[in-house]
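[1] Sequence and predicted model, in that order:
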Amino acid sequence: MVSVTVIVYVQSNVSWALGLGIPAFLMLLSCVMFFVGTRIYVVVKPQGSPITTVAQVIVAATKKRGVEVPDDNSAMSLFNHIPAKSINAKLPSTEQFRCLDKAAVITDENEVNLDGSAYNPWKLCSIQQVEEVKCLLRIIPIWSTSILYHIPLLQQQTYAVFQALQMDRRLGSSSFKVPAATYIIFTMLTLTMWIPLYDRIIVPFLQKLTGKDGGITLLQRMGIGMILAIICTVVSGLVEENRRHVALTRPTLGLTNKGAAISSLSGMWLVPQLALSGLSEGFNYIAQIEFYYKAIPRKHEEYSWISLLRGWCSRELSEWFPGFHCPPNYFRE
């Protein structure tokens, strides 16, 4: 919140150099504090790349595509080696994606070393590795829908700033102008207030009403978040239509640095869409985090690239869509 209030105000009204210097100094200070505590951190040694594990299972299963999988997954013909220092809990065998179980079928005694490990991990994988890949495959539908879900929310973080630049940002009758980027704080405030309200009041009420742990399921929470994202986008469109109408039919408040007219419509009209954006994140994004922690094996940190990849895809699409539908001089017009 400090970054979109104090820092933004300094950058907009004092100096860009000072506005960039403050976060740079704070980042340096945080790095120093981080390295000071290195001696007390619990360091877990890497145990291989999760992407490599996925590739090994797929390659091994492909090479053994003609092998029959035993009906009983606990049969001795399945490779079930677990390293002694593994931090993963043992996963139960599942019936989904049984074609991947072929990667764990032992077809030759020479495939296993004397210490129980696989001689060639690209030809033989443990059933635990297979189950980890299955867990990853099960979350792909939810993960893929989250890409499209985050596009309108990312638009709110950028498009609302451009809207605010061409709206009346004065507080009441005073001459103080709220920096355009500061309006994003309404998303943060809504999310900050909603989380304790939901946990302390709404969840206990829903638990009594439905008899379920948490009141509603994680998928239902994600669905509510998506519906709120749709409503947020609709409200944003209505506000933008009103902003343009006021700018074209009523006296303006001057021009921006780039020559665009400033509408006399108050910037507070942006609050509903930004609040809906924060409320949507409170339902969907938090439920996604809980879902991934329950659906993915214990080695969560190795799958952080899933979230990073989702963020990259959403960001790229959010940058492409406006350029595809919106002309470059849209705001100036």
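    Good, I have the coordinates.

[2] Enumerate every residue touching the residue found closest to Ser266 once you drop the neighbours it is linked to in the chain.
    On the basis of CB to CB, 6 or more residues apart in numbering, the spatially nearest residue to Ser266 that is not a chain neighbour turns out to be Asp168, at 5.1 Å. Just so you know, the C-beta spots here come from the backbone N, C-alpha and C atoms, and that holds for glycine as well. Contacts here follow CB atoms under 8 Å, 6 or more residues apart in numbering; on that basis Asp168 touches 253, 262-267.

[3] now those in JSON lines, with neighbour count and secondary structure?
    Written out in JSON lines, the entries for these read as follows (neighbours: other CB atoms under 10 Å; DSSP: H, G, I helix; E, B strand; the rest coil):
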{"residue": "Leu253", "neighbour count": "16", "secondary structure": "coil"}
{"residue": "Ile262", "neighbour count": "16", "secondary structure": "coil"}
{"residue": "Ser263", "neighbour count": "24", "secondary structure": "coil"}
{"residue": "Ser264", "neighbour count": "14", "secondary structure": "coil"}
{"residue": "Leu265", "neighbour count": "21", "secondary structure": "coil"}
{"residue": "Ser266", "neighbour count": "16", "secondary structure": "strand"}
{"residue": "Gly267", "neighbour count": "23", "secondary structure": "helix"}
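
[4] ok, these vs Pro121, which is closest?
    Gly267 (58.1 Å; CB to CB).

[5] Hmm, that closest one is touching Leu165, no?
    No. With contacts counted by CB atoms under 8 Å, Gly267 stays clear of Leu165, the gap being 9.3 Å.

[6] overlap in contacts of the two?
    By the contact definition CB under 8 Å, 6+ apart, Gly267 and Leu165 are jointly contacted by Ala180.

[7] Find me the pLDDT at the residue nearest to Ser266, would you?
    At Asp168, the predicted lDDT confidence score is 86.

[8] and if you look at Ile106?
    At Ile106 the predicted local confidence, pLDDT, stands at 84.

[9] That one: what's it in contact with?
    Taking CB under 8 Å, 6+ apart as the definition of contact, the neighbours of Ile106 are 77-79, 112, 124.

[10] List buried residues within these.
    Neighbour counting by 16 or more other CB atoms under 10 Å classes 78-79, 124 among the contacts of Ile106 as buried.

[11] Export those residues to CSV and append columns for distance to Tyr149.
    Written out in CSV, the entries for these read as follows (distance: CB to CB, whole Å):
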residue, distance to Tyr149
Leu78, 38
Phe79, 39
Leu124, 39
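
[12] send the alpha carbons of stretch 170-190 over as PDB?
    As requested, the backbone C-alpha atoms of stretch 170-190 are provided in PDB (Å, rounded to 0.1, in the frame of the first residue of the first chain):
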ATOM      1  CA  ARG A 170      -9.500  16.400  -6.900                       C
ATOM      2  CA  LEU A 171     -10.600  15.500  -3.300                       C
ATOM      3  CA  GLY A 172     -13.800  17.400  -2.800                       C
ATOM      4  CA  SER A 173     -13.400  21.200  -3.100                       C
ATOM      5  CA  SER A 174      -9.700  21.100  -2.300                       C
ATOM      6  CA  SER A 175      -6.900  21.500  -4.800                       C
ATOM      7  CA  PHE A 176      -5.200  18.300  -3.800                       C
ATOM      8  CA  LYS A 177      -5.100  15.700  -6.700                       C
ATOM      9  CA  VAL A 178      -4.900  12.000  -6.000                       C
ATOM     10  CA  PRO A 179      -2.200  10.400  -8.100                       C
ATOM     11  CA  ALA A 180      -3.700   8.300 -10.800                       C
ATOM     12  CA  ALA A 181      -1.900   5.100  -9.700                       C
ATOM     13  CA  THR A 182      -3.000   5.600  -6.100                       C
ATOM     14  CA  TYR A 183      -6.600   4.500  -7.100                       C
ATOM     15  CA  ILE A 184      -5.300   0.900  -7.200                       C
ATOM     16  CA  ILE A 185      -5.300   1.000  -3.400                       C
ATOM     17  CA  PHE A 186      -9.000   0.400  -3.400                       C
ATOM     18  CA  THR A 187      -8.400  -3.100  -4.700                       C
ATOM     19  CA  MET A 188      -5.900  -3.700  -1.900                       C
ATOM     20  CA  LEU A 189      -8.100  -2.200   0.800                       C
ATOM     21  CA  THR A 190     -11.100  -4.400  -0.300                       C
END
